[in-house]
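Engineer: Sequence first, then the predicted structure, then my questions.
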Amino acid sequence: MGPVRWLVLACWLCGCLAISPSQFKKQHSMHAHEPDYTPEAEADRVNELPGAPNALDFGLFSGYVTVDESAGRALFYVFAEARSSNRHAPLLLWLNGGPGCSSIGGGFMSELGPFYPNKDGKSLQQNPYSWNNMANVLWLESPAFVGFSYSNKTSDAIVGDARTAVDARMFLLKWLQRFPQYAHRDFYISGESYGGHYVPNLAWEIVQGNKRAEAAAAAEGVGVSPGKGYINLKGFFVGNAWTDAYIDNKGALDYWWTHSMIGDESYAAIRDNCDFNTIGPLMRGSEALTLPGTYKISRPQPPSVTNRRDQTLTKKQQQQQDTLDPADQGLGAKLGDQISDLRSQQSDLRSKPSDLRSITSGFEPLGHTRVQGWEGYGSSSTTRFWESEGGPMFSHKNDKEMVCAKWLDIAFKEHGNVNIYEIYADVCPRESAGSSSSNAAQRKYRGALLGYSSPTKPSEQSDTLAHPHRKPRYDPCVDGEVEAYLNLPEVQEALHANQTVKLPWRWTDCTSLINYSRDDLLSSMIPTYRKLLQEDLKIWVFSGDVDGIVPLVGSRRWIASLGLPVMKPWRAWYSKTDQVGGWRIDYQGLTFATVRNAGHMVPYVQPERAYHLLHQFLHGSMPEPSK
């Protein structure tokens, strides 16, 4: 932003332009229940959270919203009202990625929510950098079959970007009927990882829905009404965003090489033999080519499933989406037999090698866990397909695909058991992970920044001998602790989760039940950004600079490809600690910011820096002094 005078800096350091978490707490005590909640909202109120260190000093709600009555498709949410001026603070939706990972387990419980779990998996500790200190924050488990969300229709497990966006918008419209006091608030979408698709796709779905609502209102000679087909979208804030397969994959390869994670021979072989448009995110061997857990759109699908982002809905469908009942009509029937059928269908597909290109099991989501090592990733029967008996597992366009897969395997061996989501991190010992999940994604090693543990208090596992003056910052085994906590019956009862409908699966951070569109996963979001840049939205993209799965290299490249005029050049930004928080550049219509020493899950790894970056996004740029 150019040179900033020291007087302004002094004002900022004294708290004139930013409010710290402690100031929020001092200025605002526990909110009294406001009189304007609907009965449906009151039914979702969480009066106390098991294991919380003290009484809730903010409004907390959670429950289900049915987005498709005929299919019995219901999405689960948690909502934390702002501690400060919740009658005026903006409304912010957070979406974790995967695809197939929970925003409750990630965003709410271990990144940016009001609490973190303790190591016992039963009690909680305060997060001083919770985002509900400055915004009303909504977390959504989407699509159906993620976390506590479900559908009575097993074909709904076959899903892509379009229906995910349609369902999320439908959820918001029905949620705003339940909480009408938030319909006129400024609304922002945020997320990370495969949120790089979820977030801009939902933004575009809302933009289109708003235009339909405006046209309908104009035809009737009335003004548009927020919450009734119209959502007051102001912008979005997305981190380490998987955006363009070619650019992001090539960026990952360059990042690995420049950070000494792979050798020269591997770098050259992958560069020369891999088609970066059709693999990825860069995985090991054949898994990079088959993308486990995804399906090809060319495969026949149930007629009720919307697969492509650009598929146009009929006018009748649009009217059905925009015409909502005041309350949900029920949560549907038991799911056990239907889930068994779904697992059986997946098993049948796994027994046919020719189908592996289209749909497989063993789903490995993008950013599926906090941070993890790669030791034990996959098995020889799935990754070393060129050695399998009976020939290749699927046909190849040419030998380059086999060479690509082989060298990807070698590259991951060269990585060692590194935490690919934060390359300067140790991993959590398997026996300390605290998870009993049968999901392969949950059995892998978790990782953490070297020698660090909890963000709020020291851990017994912190490296105090090697670093006696280092203040622990987070728990390397948090994923298992979250899973243990969210599977406690008393926690599920308090959150109104898994009550009316008993789900036949254990809650896990990421699910293997969905089969997500491979074409959508590999599609580029750049055309969507070009459209959104015409809609007068505030758009910020941020990137942790030690993420090895969606590195900042790719993000910088795809943003540069938009060809936007530079409004303020590349420069450092500072958090309230007066340390460099990262670097940023402002384009016309879009800001890109890096977060120093943060991995794939920025709010988890660098909570203070993420907190102040969000403040910049919501409330304007903070001073950035030259040094």
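Structural biologist: Looks like it came in fine.

Engineer: ok, how many other residues are close to the closest residue to Cys404 other than its chain neighbours?
Structural biologist: Excluding its sequence neighbours, the residue lying closest to Cys404 (CB to CB, 6 or more residues apart in numbering) is Cys274, at 3.9 Å. For glycine as for every other residue, the C-beta is placed from the backbone atoms N, C-alpha and C. Counted with other CB atoms under 10 Å, residues neighbouring Cys274 total 24.

Engineer: Contacts only, for Cys274.
Structural biologist: By CB atoms under 8 Å, 6 or more residues apart in numbering, Cys274 lies in contact with Asn249, Ala288, Lys400, Cys404, Trp407, Leu408.

Engineer: now it: how far from Asn201?
Structural biologist: Computed as CB to CB, to the nearest Å, the Cys274 to Asn201 distance reads 26 Å.

Engineer: next one: Ser84
Structural biologist: 31 Å.

Engineer: So these two - more neighbours on which side?
Structural biologist: With neighbours defined as other CB under 10 Å, Ser84 and Asn201 compare such that Asn201 has more, 25 against 20.

Engineer: residues touching that one, list them.
Structural biologist: With CB under 8 Å, 6+ apart, Asn201 has these contacts: Asp161, Ala162, Thr164, Ala165, Arg309, Met525, Thr528.

Engineer: which one in these is the model shakiest on?
Structural biologist: In terms of pLDDT, the least confident member of the contacts of Asn201 is Arg309, at 33.

Engineer: Local confidence estimate at the residue lying closest to Asn54 once chain neighbours are set aside?
Structural biologist: Leaving aside its sequence neighbours, Asn54 sits nearest to Gln126 (CB to CB, 6+ apart; 7.8 Å). Gln126 is assigned 93 on the pLDDT scale.

Engineer: Tell me if I'm right that Gln126 and Pro53 touch.
Structural biologist: Yes - the criterion here is CB atoms under 8 Å, and Gln126 meets it with Pro53 at 5.8 Å.

Engineer: residues shared between the contacts of these two?
Structural biologist: With CB under 8 Å, 6+ apart as the test, Gln126 and Pro53 both reach Phe115.

Engineer: Same drill for those two, tell me which one is more crowded.
Structural biologist: Counted by other CB under 10 Å, Gln126 and Pro53 do not tie: Gln126 has more neighbours, with 17 against 12.

Engineer: what is the more buried one paired to in the beta sheet?
Structural biologist: Going by DSSP bridges, Gln126 is paired in beta bridges with Phe115.

Engineer: check contacts around it.
Structural biologist: Residues near Gln126 by CB under 8 Å, 6+ apart: Pro53, Asn54, Pro114, Phe115, Thr456.

Engineer: pretty sure the fourth one contacts Ala52?
Structural biologist: Read it as Phe115. Yes - with contact defined as CB under 8 Å, Phe115 and Ala52 form a contacting pair (6.3 Å).

Engineer: Give me the common contacts of those two.
Structural biologist: Joint contacts of Phe115 and Ala52 (CB under 8 Å, 6+ apart) are Leu124.

Engineer: Compare these two (neighbour count), which wins?
Structural biologist: Phe115 (22 against 17).

Engineer: Can you give me the distance of that one to Phe61?
Structural biologist: The gap separating Phe115 from Phe61 is 15 Å, by CB to CB.

Engineer: hang on, Asn54 in a helix?
Structural biologist: No - read with DSSP: H, G, I helix; E, B strand; the rest coil, Asn54 is coil and lies in no helix.

Engineer: Counting neighbours, what do you get for it?
Structural biologist: Asn54, neighbours per other CB under 10 Å, totals 8.

Engineer: Can you give me the pLDDT of it?
Structural biologist: Taking Asn54 on its own, its pLDDT is 89.

Engineer: and what of Glu422?
Structural biologist: 89.

Engineer: can you check the one 5 residues further on too?
Structural biologist: At Val427 the predicted local distance difference test score is 78.

Engineer: In this structure it contacts Asn419, no?
Structural biologist: Yes - at 5.8 Å, Val427 and Asn419 qualify as touching, with contact defined as CB under 8 Å.

Engineer: Quick check on these two: which one has the bigger neighbour count.
Structural biologist: Asn419 (30 against 21).

Engineer: Assign that one to helix, strand or coil.
Structural biologist: Per three-state DSSP, the local secondary structure of Asn419 is coil.

Engineer: now swap in Ala74 and tell me
Structural biologist: strand.
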